[in-house]
Each structure stands twice: as C-alpha cells, then as structure tokens.
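**Q** Sequence isn't available, so here's the structure alone:
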Ligand SMILES: O=C(O)[C@@H](CO)OP(=O)(O)O
C-alpha cells in the first residue's frame, strides 16, 4: 500500500536511481594470501613461491567475505604467479563461482625485486641498514640492485614468459616502473571491461595493487611510500562514470575503497607488512 502523499513527497528509497547511481561500477582487488616467502620474510618479487598454510586460510576467508556480501563476478584477472592464482581459485571456490573466466597477465606480476629476490629482509637490513632497505622497498622511483641474465631469477630464463617480448622482461623494478607496465593492461583491458559493465575481480600482489590504488586514488609519490596492503583481504572500490573512486565511509585514508572484514584486524595486518623490516 502506498499512500497518495507518498507520490507527492517520495521518501529517499522511493526516488528513482539517477543515471550516475545506476552506472556506478564496482571493482574488487585482492592481494594473495601469505606466501611461504612472506612467512620466511624473504624478498619475493617474481619468484614463484606457493601460499603458506596461513595464506591458504586467508584466501578462503577472503572468498567467504565476498560471498557474505553477495558479490558476483563476470571476469577475473591475475598474474602469472601461483600465489595470486591459487588465492583466486580458493576465493572463487568459496564464492561458488569457479566457472568465472580467469585471465593471466605478467603485467599483474609483483614488482621485480632484482638482486634482492630470495634474500631475508631482516638480514638485508642488518647488512645494508634500515634506511637503505626502506628506499629499496618503498621509494617510488629507486629500483633495487639489478640482477644479470644468468640469474635463475631473470624471467628470460623462465618458460612462463616465452611469449613476452624479452625487452619487456625486468632485471629489477621500482614502483614507478611497475606502475607504468601495469597501466598498459589497465588501459587496454581492465578499464574497458569495467566500463562494459562487467564485475571484475583482480587478484594480484602487494606492489602491483599499490600501483593500481595510486592510479585510482591519485595518491602522491610521497604518500604512496607509506601505504601497505594486507594479504588476502578484499578491497572494494565503487567507481563513477569516469572510473574515479567514490569514497566509502569505512575507507582507510588515503584509499577510497573499503576493506571487507574486521577493521581493527585489518589495521594490524597493514602494520605487520610495514614492520617486516624493523
Ligand atoms: O617481497 C615482495 O615481493 C614484496 C611483497 O611480499 O615485499 P615488500 O612488501 O617488501 O615490497
């Protein structure tokens, strides 16, 4: 029953959605669960290490949180690295959406950590000092030392990347270089998919997701150095017609998107990433 006056003075829930509300897009970002090298506190980059037991639980928990929100996806994008791929599989299993197409791209791989890959983060601090390691980990445009082409860590020696132009394969990367190679795929694939109305889930890595949120939220080069992303926690963005983020009231600055789950726990997990090099 609707009283006649309700037609004259509609309550907010009766006001038709505006076109901009109708065309709001949603994008979900998910960093992989803890890997065995996160657990051992080693620089990882493109090293293809598996999830730890804890990481498997985190990935499933991330999927459950998305299921509780009733999220449905049309397409997923992930990297060439098993910790992100496995996280995506486990979360899709929890969502009961394992049929959703998955696309892999090296452009979503973690930032390449150059000659630091495999080294223990704390031992590297003991050897080179905390400040130097912080520059390597979090400065925007200073890459870690380069490795050479004989290294097992050079992607040119890995069959997974046979289809990639060798001149694109990194020997080390700063966040700036990671951002520019990632943005190629954002512009050509992810943004058009979102704009076509598809619900997109991106399962990736700490530094590629830092590059992505820097781009979305227009975070400055200074501010991005202090931003850390926790493992296995879905980060949900609402985007307007121009794919600019609409700030959520639960967002943790400088992000506009909101993390799903217990907010205090999430803040602790963000702090733990920062504390990997004390
Ligand atoms: O080792 C790595 O590849 C990354 C992510 O785990 O670490 P950091 O947070 O130090 O950039």
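**A** Right, received. Where do you want to start? What you see is a predicted model, and the numbers here were worked out from it, not measured in a lab. Numbering: from 1, shown residues only.

**Q** going forward, measure contacts between C-alpha atoms and count neighbours the same way
**A** Noted.

**Q** tell me the contacts of residue 103?
**A** 75, 76, 77, 78 (CA atoms under 8 Å, 6 or more residues apart in numbering).

**Q** for the ligand, what are the nearby residues on the stretch 51-200 of the chain?
**A** Residues of the stretch 51-200 of the chain lying close to the ligand (CA under 6 Å from any ligand atom) are residue 137.

**Q** What ranges in the stretch 51-200 of the chain fall below the confidence cut-off?
**A** Within the stretch 51-200 of the chain, no range satisfies pLDDT under 70.

**Q** which residues in it form helices?
**A** 53-68, 82-95, 121-128, 130-138, 175-185, 191-195 (DSSP state H, counting those that start in this stretch).

**Q** ok, the contacts of residue 103 vs the ligand, which is closest?
**A** Closest approach between those and the ligand, by CA to the nearest ligand atom: residue 78, at 15.4 Å.

**Q** on that earlier part again, most neighbours per residue, which of the helices of the stretch 51-200 of the chain?
**A** helix 82-95 (a mean of 23; mean count of other CA atoms under 10 Å).

**Q** Please list the residues outside that one that contact it.
**A** With CA under 8 Å, 6+ apart as the test, helix 82-95 has contacts from 31-33, 35, 48-51, 56, 59-64, 66-67, 78-79, 98, 203-205, 232.

**Q** ranges for the strands of the chain?
**A** 25-31, 75-78, 102-104, 200-204, 235-239, 245-246, 258-259 (DSSP state E).

**Q** Need the winner for burial among these.
**A** Ranked by average neighbour count under the criterion mean count of other CA under 10 Å, those are headed by strand 200-204 at a mean of 26.

**Q** Please enumerate residues in contact with that one?
**A** For strand 200-204, using CA under 8 Å, 6+ apart, the contacting residues are 26-32, 73-79, 84-85, 87-88, 108-110, 190, 193-194.

**Q** Spatially central residue in the chain, please.
**A** The centroid of the chain falls nearest to residue 209 when counting by CA atoms, centre = their mean (3.2 Å).

**Q** who's in contact with that one?
**A** Contacts of residue 209 (CA under 8 Å, 6+ apart): 29, 31, 229.

**Q** Can you give me the distance of it to residue 126?
**A** 28 Å (CA to CA, to the nearest Å).

**Q** What sits closest to the residue of the stretch 51-200 of the chain found nearest the ligand if chain neighbours are left out?
**A** Residue of the stretch 51-200 of the chain nearest the ligand, by CA to the nearest ligand atom: residue 137 (5.1 Å). Counting by CA to CA, 6 or more residues apart in numbering, the nearest residue to residue 137 once its immediate chain neighbours are dropped is residue 144, at 7.9 Å.

**Q** how far away is residue 274 from residue 74?
**A** To residue 74, residue 274 is 33 Å away according to CA to CA.

**Q** Is there a neighbour count for the residue of the stretch 151-278 of the chain found nearest the ligand? I'd like the number.
**A** Residue nearest to the ligand within the stretch 151-278 of the chain (CA to the nearest ligand atom): residue 206, separated by 5.2 Å. Other residues within reach of residue 206, judged by other CA atoms under 10 Å, total 20.

**Q** and it, what does it touch?
**A** Residue 206 neighbours (CA under 8 Å, 6+ apart): 31, 110, 228, 229, 230, 231.

**Q** which of these has the most neighbours?
**A** Neighbour max across those (other CA under 10 Å) = residue 31, 27 neighbours.

**Q** Now do the contacts for it.
**A** Residues in contact with residue 31 (CA under 8 Å, 6+ apart) are 84, 203, 204, 205, 206, 209, 229, 230, 231, 232, 233, 234.

**Q** Okay, and which of those map to helices?
**A** Per DSSP state H, helices hold the following members of the contacts of residue 31: 84, 206, 209.

**Q** now those residues as TSV including distance to residue 219?
**A** TSV is the format used below for the ones in helices among the contacts of residue 31 (distance: CA to CA, whole Å):
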residue	distance to residue 219
84	24
206	16
209	13
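
**Q** Out of those, which is nearest to residue 243?
**A** Closest approach between the ones in helices among the contacts of residue 31 and residue 243, by CA to CA: residue 209, at 16.2 Å.
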